[in-house]
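In: Sharing a sequence plus its predicted fold:
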Amino acid sequence: MFDLNDEMRQLAAEASHNARPMAVTEVIRRGNRRRTRTIAQRSIGGLSAVGLGAAVLFTGGAHHLGGANPAAAGATSGGNTLSVSSTSALGNISMRVKYVDLPTGKVHVVSVTYSGDLKKAPKRGSVEIEFGPGLATGKPAKPTEVFFGIGAPLRPGQHHFSGSLSGKRLAGKGRLIVSGNSSAGISVEPPIPWTPAGKNSGDLKPAKRTLTAIGILTR
Amino acid sequence: MDRDEFTTFYTATFHRLVGQLYAMTGDRLEAQDAVQEAFVRAWARRTKFDRDGTPEGWIRVTAWRIAATRWRRAKDGRRLMELAAPTEPVAGPTPDRVAFAEALRKLPAEQRRALVLYHLCDLTIEQIATETGAPAGTVKARLARGRAAVTPLLSDTTEPLVTR
């Protein structure tokens, strides 16, 4: 008597018996790599969407900071420093990137420091820092063009954050191979629900906004 | 799910899922690749993928989608010929098993998937409807048509294979 359950189980048993699983450490390694890439792509997508506006916003901020260069990248004895900041109804965020132009045409990111204050803290979020191509063309950066991204998780309800990246965290990543300028951006993910001030929140569906600042590593 | 839990989950379910995907796809290597890739994605989304309490179901659905996407891409390419060519479904199978694998392969993909989920994964109609995103009535129809299609194919092919 033909038994579909039995036939199906025997068929599957032969395939499962012959399956050769990858080592779990390799699965985890690939998963981690995929996660990093996904975070970077998602963030650079947001950055691209607001990139031009944010760059303009940043340019204003640079003058406020006293930088003569519109990109606020000033040469120092140890290299260059880029300072970006952004203030909005969501809060404020700022980042300083120290980098060096190498004779080989690469840019070496030496250190990154960042801080911010959020008026409304996300339940589960992170600060994402990405380096990608420059925005000189005015075209959005393609996700595949992201050089690298680093995420720092936020605790639930965390309003103030600050930190730095240097040494090991930038080891092997900090050298950007570029033919032109490159961009550095910082954002808080995921987007935070936000209702414009003065509006009746009961009548208005909250929009989701990302607090973002982006600047150009000029050479 | 932390690293240890994921390791345990991976070790406990990998082979079973490959068997299920093989029954759905009819291609052992494709099934293994799809399940492997689904586990990679699961670890990448480890904070989310077991949120509804059915991580094995998540892997199965993801692996099915991966396999389906690859199959669609292969349709217009060179691999179509490889897939369409007469294949050896399993290494060293009995004639009955060959006949069954061939009978399954002749079914439309969604009927095959419904049969596997019901008869191999022991899911209920409602669970299959949830996993496949199809209404329960559609699932019942797929099961009925799948069974009706498989049974005569087996009765036609099993006898000669056994007697020869």
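Out: Arrived safely, thanks for sending.
In: Tell me, how many residues neighbour A:Arg35?
Out: Neighbour count of A:Arg35, defined by other Cβ atoms under 10 Å in any protein chain shown: 18. For the C-beta atoms, the positions are set from N, CA and C on the backbone; glycine is no exception.
In: And the pLDDT for the spatially closest residue to it that is not a sequence neighbour?
Out: Among residues not flanking A:Arg35 along the chain, B:Ala44 sits closest, at 4.1 Å (Cβ to Cβ, 6 or more residues apart in numbering or on different chains). Per-residue confidence at B:Ala44 stands at 87 (pLDDT).
In: ok, now B:Ala63?
Out: 92.
In: Helix or strand next in line after the lowest-mean-pLDDT helix or strand in chain A, which one?
Out: Lowest on mean pLDDT, DSSP states H and E among the helices and strands of chain A sits strand A:73-76, with a mean of 46. As assigned by DSSP states H and E, the chain's next helix or strand after strand A:73-76 is strand A:79-88.
In: What pairs with that following strand, parallel or antiparallel?
Out: strand A:73-76 (antiparallel), strand A:91-101 (antiparallel) (DSSP bridges).
In: before we move on, back to that, the residue nearest to A:Arg35 against A:Gly31, yeah?
Out: Yes - taking Cβ atoms under 8 Å as the definition, B:Ala44 is a contact partner of A:Gly31 at 4.3 Å.
In: And for B:Ser142, nearest residue in space, chain neighbours not counted?
Out: No, residue B:142 isn't Ser; it's Arg. Leaving aside its sequence neighbours, B:Arg142 sits nearest to B:Ala114 (Cβ to Cβ, 6+ apart; 4.0 Å).
In: typo on my end, B:Arg41
Out: Residue nearest to B:Arg41 in three dimensions, not counting chain neighbours: B:Thr62, with 5.9 Å by Cβ to Cβ, 6+ apart.
In: Not counting stretch B:33-40 itself, show me its contacts.
Out: Contact with stretch B:33-40 is made by A:19, A:21-22, A:27, A:30-31, A:34, B:10, B:14, B:17-18, B:21, B:25, B:59-60, B:62-64, B:66-67, B:70, as judged by Cβ atoms under 8 Å, 6 or more residues apart in numbering or on different chains.
In: Can you tell me which of the residues you listed are buried?
Out: Burial of these was assessed by neighbour count (16 or more other Cβ atoms under 10 Å in any protein chain shown); the buried members are A:19, A:21, A:27, A:30-31, A:34, B:10, B:14, B:17-18, B:21, B:25, B:59-60, B:62-64, B:66-67, B:70.
In: what sits against the residue nearest the centre of chain B?
Out: The centre of chain B sits closest to B:Met24, judged by Cα atoms, centre = their mean, with a distance of 2.4 Å. By Cβ under 8 Å, 6+ apart, the contact set of B:Met24 is B:Ala31, B:Trp64, B:Ala67, B:Ala109, B:Arg112, B:Arg113, B:Val116.
In: Nearest to B:Pro152 among the residues you listed?
Out: Ranked by distance to B:Pro152 (Cβ to Cβ), the contacts of B:Met24 are led by B:Arg112 at 15.9 Å.
In: centre of the chain versus the helix or strand where the closest one lies, how much separation?
Out: Element membership for B:Arg112, per DSSP H and E: helix B:109-119. Put simply, helix B:109-119 sits 8 Å off its chain's centre (Cα atoms, centre = their mean, to the nearest Å).
In: which strands and helices sit next to it?
Out: Contacts defined by 3 or more Cβ pairs under 8 Å, 6 or more residues apart in numbering or on different chains; DSSP states H and E place helix B:109-119 against helix A:4-18, helix B:3-25, helix B:95-105, helix B:125-132, helix B:136-163.
In: And for that helix, what's in contact with it?
Out: By Cβ under 8 Å, 6+ apart, helix B:109-119 touches A:4-5, A:8, B:20, B:23-24, B:26, B:64, B:68, B:104-105, B:107, B:123, B:125, B:127-128, B:131-132, B:134, B:139, B:142-143, B:145-147, B:149-150.
In: B:Leu117: neighbour count?
Out: The burial count for B:Leu117: 27, using other Cβ under 10 Å.
In: what about chain A, any weak spots by pLDDT?
Out: For chain A, the stretches with pLDDT under 70 are A:1-2, A:38-78, A:105, A:134-147, A:167-169, A:171-181, A:191-209, A:219.
In: I meant to write chain B there.
Out: B:73-96, B:153-164.
In: where does chain A come near chain B, residue by residue?
Out: Residues of chain A lying close to chain B by Cβ under 8 Å from any Cβ of the partner chain are A:2, A:4-5, A:7-22, A:24, A:27-28, A:30-32, A:34-35, A:38.
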